[in-house]
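build me a model from this:
(4 chains)
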There are 2 protein chains.
Amino acid sequence: MTDTDDPRLIATRTLALDAALKILQEQGVLAVTHAAISERTGISRSTLYRHWPKLEALRIAAFIRAASAPAYAPRTNGPLRADLSWILGNLMTALNETPWGQVAPQVIAAAATDDQARSLINNWIKDRSADVEAVFDAARARGELCETASVPQMIEMVIAVPYFRKLVAGMPLDHEWLDRHVDLICRLATKTDHG
Amino acid sequence: MTDTDDPRLIATRTLALDAALKILQEQGVLAVTHAAISERTGISRSTLYRHWPKLEALRIAAFIRAASAPAYAPRTNGPLRADLSWILGNLMTALNETPWGQVAPQVIAAAATDDQARSLINNWIKDRSADVEAVFDAARARGELCETASVPQMIEMVIAVPYFRKLVAGMPLDHEWLDRHVDLICRLATKTDHG
DNA sequence: CTGAAATGCAACAATATGTACTATAAGTCT
DNA sequence: AGACTTATAGTACATATTGTTGCATTTCAG
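Okay, the predicted model is just below:
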């Protein structure tokens, strides 16, 4: 039920969205236009309009392209500290070094008025949350978790803090920060530790 | 050194920015234009251009208008739990019920390419952080804080979680959430509590 | 090889953004 | 109150952005 797989279509869309992604990172969403992509790629403006008849559609396509990060499997072998370090390291890398780190704030802003943008964000959060939940579930199964710890609350904290620090406050996410954050979560979640 | 205080200037600017703020909340930053405000207020387009010669300037002015929240003094009489409830209640109200809650994501997105937007965000964070810091400092002076607790880390957590929950995830900030969040922070920060 | 489909190009239309000029209304100052 | 100054409304105009259309050319699939 997919459309044709004419190589011309594929080539055009790939080239165009690659360029759109670069523009998105370098100059922001407002700079993503048919004309700008045409100039950068050599694809004619009318062809781009045939693929994405409206500017909104083009920008959403660029957002989707930016959101397609490589999936990584969470490790859950334990102990909790190691699993958390691994998953937070991946999150850190995603925010620091993939297009999503630059683009997410723009998608979030767009989400206020655009359903597709909203669902991109929701999916991103759902995926990250599921990974972190797997880590905590495994820790609970191993008996590492203290009973009073609320897993949804932990998940929120694991994800919200790096997000805020990097994308809102514009502060660095480095290994020193990561270690401190993992320490904090472990202190909250495990039974053995209490300073 | 202020310009004139001609009541016409004041009236125009007030009317225009009030309208801009409403448009910003209802339709997003892209809908904030001289034409839209003119239509809504009856102020002529040329007058609006005299006040804000560029579209960017108009939108930043709308952002600033949205960011001007009433200041509230943090209470620091203790105990920590009560002070945190108070300050987080205020933050919750700000995010739930003032324009800033709708507008902040757009300012954050704009901050990537606009210095004035960036500094609005930085000031917002600085002000909130200072309030929360005052609370923790007072708690430490009263001897309520455990020694291992890092105040900057606490501050980050106090602010980042509600921000993320409301503005990114689009989930509600209610009293039930507030109580759980305050519990968590207290568990981390104080010496007496451990499961 | 041939028909179907995608592309490139150019012209055009509509809207958004910004400027210039003039007449009128409203404020200020004595 | 009267004279001077300043802000506003209205119009026309200039330019860039956004989107459409028709046609010749190129590329693909059978």
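
low-scoring pLDDT stretches of chain A, where are they?
A:1-4, A:191-195 (pLDDT under 70).

near DNA strand C, which residues of it?
Residues of chain A found near DNA strand C (Cβ under 7 Å from any atom of the strand) are A:3-4, A:6, A:8-9, A:11-12, A:42-47, A:50-51. Where you see a C-beta, it was placed from the backbone N, CA and C, and this is true even at glycine.

10 Å - rerun?
A:3-4, A:6-13, A:15-16, A:30, A:38, A:41-51 (Cβ under 10 Å from any atom of the strand).

centre of the chain versus the lengthiest helix in chain A, how much separation?
Counting by DSSP state H, the longest helix found in chain A is helix A:115-141. For helix A:115-141, the gap between its own C-alpha mean and the chain's C-alpha mean amounts to 11 Å (Cα atoms, centre = their mean, to the nearest Å).

just checking, which helix or strand succeeds that helix along the chain?
Proceeding C-terminally, helix A:115-141 gives way to helix A:151-163 as the next helix or strand, assigned by DSSP states H and E.

and that next one, which residues are buried?
Within helix A:151-163, the residues scored as buried using 16 or more other Cβ atoms under 10 Å in any protein chain shown are A:151, A:153, A:154, A:155, A:156, A:157, A:158, A:159, A:160, A:161, A:162, A:163.

ok, stretch A:44-54 next?
A:48, A:51, A:52.

quick revisit: so the longest helix of chain A, near chain B or not?
Yes: against chain B, helix A:115-141 shows contacts by Cβ under 8 Å from any Cβ of the partner chain at A:118, A:121, A:122, A:125.

and stretch A:21-33, by the same measure?
Yes: counting by Cβ under 8 Å from any Cβ, chain B has neighbours in stretch A:21-33: A:27, A:28, A:29.

again with stretch A:143-157
Yes: Stretch A:143-157 lies within reach of chain B by Cβ under 8 Å from any Cβ, at A:146, A:147, A:148, A:150, A:153, A:156, A:157.

touching that stretch from outside, list them.
The contact list for stretch A:143-157 (Cβ atoms under 8 Å, 6 or more residues apart in numbering or on different chains) reads A:78-80, A:129, A:132-133, A:136-137, A:139-140, A:185, A:188-191, B:157, B:161, B:164-165, B:180-181, B:184, B:195.

what is the end-to-end distance of it?
Criterion Cα to Cα, to the nearest Å; first-to-last residue distance in stretch A:143-157 is 21 Å.

check the offset of it from the chain's centre.
For stretch A:143-157, the distance to the chain centre is 23 Å (Cα atoms, centre = their mean).

most widely separated two among the residues of stretch A:143-157 next to chain B?
Longest distance between any two of the residues of stretch A:143-157 next to chain B is 18.8 Å, between A:147 and A:156; criterion Cβ to Cβ.

contacts only, for residue A:49.
Counting by Cβ under 8 Å, 6+ apart, residue A:49 makes contact with residue A:34.

can the strand or helix carrying it be found next to DNA strand D?
If you go by DSSP H and E, residue A:49 is part of helix A:45-51. Yes: using Cβ under 10 Å from any atom of the strand, helix A:45-51 reaches DNA strand D at A:45, A:46, A:47, A:48, A:49, A:50.

which one of the residues you listed is nearest residue A:65?
The closest of the residues of helix A:45-51 next to DNA strand D, once distances to residue A:65 are taken by Cβ to Cβ, is residue A:48, at 14.4 Å.

these two touch, right, that closest one and residue A:34?
Yes: at 4.4 Å, residue A:48 and residue A:34 qualify as touching, with contact defined as Cβ atoms under 8 Å.

so what's in contact with the two at the same time?
Joint contacts of residue A:48 and residue A:34 (Cβ under 8 Å, 6+ apart) are residue A:58.

near DNA strand D, which residues of chain A are found?
A:4-11, A:30-36, A:38, A:44-50, A:52-59.

rerun that using 6 Å as the cut-off
Within chain A, the residues that sit near DNA strand D (Cβ under 6 Å from any atom of the strand) are A:6, A:7, A:8, A:33, A:35, A:46, A:49, A:53, A:54, A:55.

right, and the last one touches residue A:35 too?
No: Residue A:55 is beyond contact range of residue A:35, at 10.2 Å (criterion: Cβ under 8 Å).

between those two, which one's more packed in?
residue A:55 (12 against 9; other Cβ atoms under 10 Å in any protein chain shown).
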